[in-house]
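**Q** Have a look at this prediction, sequence included:
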Amino acid sequence: MNPGSNPTVVPGSVPLERPKAKRPLPSFFNDVKGAKLSYSNYVLPASMRAGRWSLTMAWWAVFSAMFWIYIAVASAGAVGVTNTLIGMALTVVTYGAINTVLSRYAARTGLTVSLFSRTLFGLGGSALASLIFAATAIYYAVFEGSIIAVAFHEYFGGSMVVWYGIVVLYAIPLALGGVQNWLDKLNGVLLPLYVAGLVAVVIAATLIRGVPTDWIGQAAASSALPGWLTSYLIYMGVYIMMMYTFDYARLGRQRDEKFLGRVTFGWVFYAFTFGLNGLVGIYIMSAWRIEASETGVVQAFISSLGLVGLLVILISQTRINTANYFLASENLSAFASRVFRLELPRFVWVIVCGALAFLLMLTDVLSYLLKALAWQGVFVTAWVAVALVFIGMNWNKQDRVPDIRPASLKAVSPGAVAWVFASAVGIALTEQTMWPVVSQLTPLITMALAAGVYYGAYKISPPRLISAAGTIEPTEEELDPAITH
């Protein structure tokens, strides 16, 4: 089609592309300047997609989270290093496979988690999905931000409240720009510095403490389940990465979906994220004989490298929190738009997320953070199962896309009932103490239950698909839910 011609609109279609417009294309960066239009509640046009390496650099910010070091060390302390390595390898395979499917579908359709959830659960269910996603991203921003604050407090002393404030204030401006404008460049520069930091901390710890001779052969604690399975289930607790993947992958170009599925979001990414980070974490914590904790990771880095270790922590947490704030703000915006009909520029939601993160840091966050993440993790695990069932049943229908137009959707669909039911059962199994083994197996049980119940709901009331053909330039009314609903 000639970009300058009047587009032919296929009845009932949702546009996946947009021709050249008279006014400048809106972007995430324009939100900072107060732009009213945002594609967080609309299919992302092909003209606004990011290149494969730009998106890869932005997404690989997640690779440098200290949480991956912490979770590997915690698993090793619980079931031993050998079992953790087996569980880690199985996790890389599983995460790689699931995120290959999710990332390719997101790139193919241009949908966010919120928009896709409209199809799965109806308008009300999509709002709940957005809220859970935003809250989880904020919680992780709190965890990762606290790591920086603890590191600076350990090295310089002073008030933790002041460090919390500094951590939030410097993170907010970095998250204002979108992937296409800033995050890819920032994280592209910081990535090699973080990798160099990992190499340096291993060398320094070895020179100072010597090679920990028993770090691979640490004894596993007794458990009713095989140690490797326990480790695998521990990693299932962070299936929020699947939602992270979906919202980032929709920024990719459809022609790059194979590369995105293998390298950017697939097994290559998780081999580095879980494998490399995990091995480094287990090694240096064993060298320093420090038990697993967020402060223990900080101590190991600073003890090994001093000021350089502090800078490595700063780099790593700066990278991951750009992703946390970016996704938290996008989904908080989608939730507010759907529930309160409140349309504000994205930079406002970044500031709101920063304020919420700071307030949470001032509380005894660890006393309830793990419980909150456990409950939200159940919902997320069930969401992943439902999403995979839907995509699997429609994978070959490349000429069809989900109908996300509010006028065509129910407030609550049978899929939402299946999702909430499976999640409620999962939470009940998590909280019960009569059968500890069942409690440990809850992630697997929840996934199987959610998949089975949603399959039945899909057969009873299949979501509507519409033609993917046709291009159209969205109007302000189409882009702004507060105007149309």
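**A** It's in.

**Q** For the spatially most central residue of the chain, which non-adjacent residue is spatially closest?
**A** Nearest to the geometric centre of the chain sits Y244, at 2.5 Å (C-alpha atoms, centre = their mean). Distances taken as C-beta to C-beta, 6 or more residues apart in numbering put L327 closest to Y244, at 6.1 Å, once the chain neighbours are dropped. From N, CA and C alone the C-beta is placed, and that goes for glycine too.

**Q** SS state for that neighbour?
**A** Taking DSSP: H, G, I helix; E, B strand; the rest coil as the rule, one finds L327 in the helix state.

**Q** what's the answer for G122, then?
**A** Strictly by three-state DSSP, G122 counts as helix.

**Q** what residues are up against the closest residue to it other than its chain neighbours?
**A** Excluding the flanking residues, the one nearest G122 by C-beta to C-beta, 6+ apart is S413, at 3.9 Å. Under the criterion of C-beta atoms under 8 Å, 6 or more residues apart in numbering, the contact list for S413 reads 120-122, 125, 457, 461, 463.

**Q** And the helices in the stretch 351-485 of the chain?
**A** Along the stretch 351-485 of the chain, counting by DSSP state H, counting those that start in this stretch, helices occupy 366-394, 414-431, 436-440, 442-460, 476-479, 481-484.

**Q** Turn those helices into JSON lines, including mean neighbour count, distance to I69 and mean pLDDT.
**A** Output for the helices of the stretch 351-485 of the chain, formatted as JSON lines (neighbours: other C-beta atoms under 10 Å; distance: least, C-beta to C-beta, whole Å; pLDDT from 0 to 100):
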{"stretch": "helix 366-394", "mean neighbour count": "20", "distance to I69": "17", "mean pLDDT": "88"}
{"stretch": "helix 414-431", "mean neighbour count": "20", "distance to I69": "25", "mean pLDDT": "95"}
{"stretch": "helix 436-440", "mean neighbour count": "13", "distance to I69": "23", "mean pLDDT": "92"}
{"stretch": "helix 442-460", "mean neighbour count": "19", "distance to I69": "22", "mean pLDDT": "96"}
{"stretch": "helix 476-479", "mean neighbour count": "14", "distance to I69": "41", "mean pLDDT": "38"}
{"stretch": "helix 481-484", "mean neighbour count": "15", "distance to I69": "40", "mean pLDDT": "36"}
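
**Q** For F156, find the nearest of those.
**A** Across those, F156 has its closest neighbour in helix 366-394 (22.5 Å, C-beta to C-beta).

**Q** Return the angle between stretch directions for the closest one and helix 442-460.
**A** Calculated by axes from the mean of the first three to the mean of the last three C-alpha atoms, to 10 degrees, helix 366-394 forms an angle of 40 degrees with helix 442-460.

**Q** just checking, what packs against helix 366-394?
**A** helix 81-109, helix 113-156, helix 240-249, helix 414-431, helix 442-460 (3 or more C-beta pairs under 8 Å, 6 or more residues apart in numbering; DSSP states H and E).

**Q** among those helices, which is nearest F269?
**A** Ranking those by proximity to F269 (C-beta to C-beta) places helix 81-109 first, at 7.8 Å.

**Q** buried ones in that closest one?
**A** 81-89, 91-92, 94-96, 98-109 (16 or more other C-beta atoms under 10 Å).

**Q** before we move on, the earlier item: quick one: contacts for the residue nearest to Y244?
**A** The contact partners of L327, taken as C-beta under 8 Å, 6+ apart, are 133-134, 137, 243-244, 247-248.

**Q** Which of those residues ranks first by neighbour count?
**A** Sorting the contacts of L327 by how many neighbours each has (other C-beta atoms under 10 Å) puts F133 first, at 30 neighbours.

**Q** thought it was touching T112?
**A** No. The criterion here is C-beta atoms under 8 Å, and F133 misses it with T112 at 9.3 Å.

**Q** Overlap in contacts, those two.
**A** Common neighbours of F133 and T112 (criterion: C-beta under 8 Å, 6+ apart): 247, 331.

**Q** mind checking pLDDT for the closest residue to S126 other than its chain neighbours?
**A** Excluding its sequence neighbours, the residue lying closest to S126 (C-beta to C-beta, 6+ apart) is S117, at 3.8 Å. pLDDT for S117: 95.

**Q** for G227, same thing?
**A** We note a pLDDT of 91 for G227 in this prediction.

**Q** any idea how far it is from G77?
**A** G227 is 12 Å from G77, where distance means C-beta to C-beta, to the nearest Å.

**Q** Same question for N277.
**A** Computed with C-beta to C-beta, the distance linking N277 and G77 is 16 Å.
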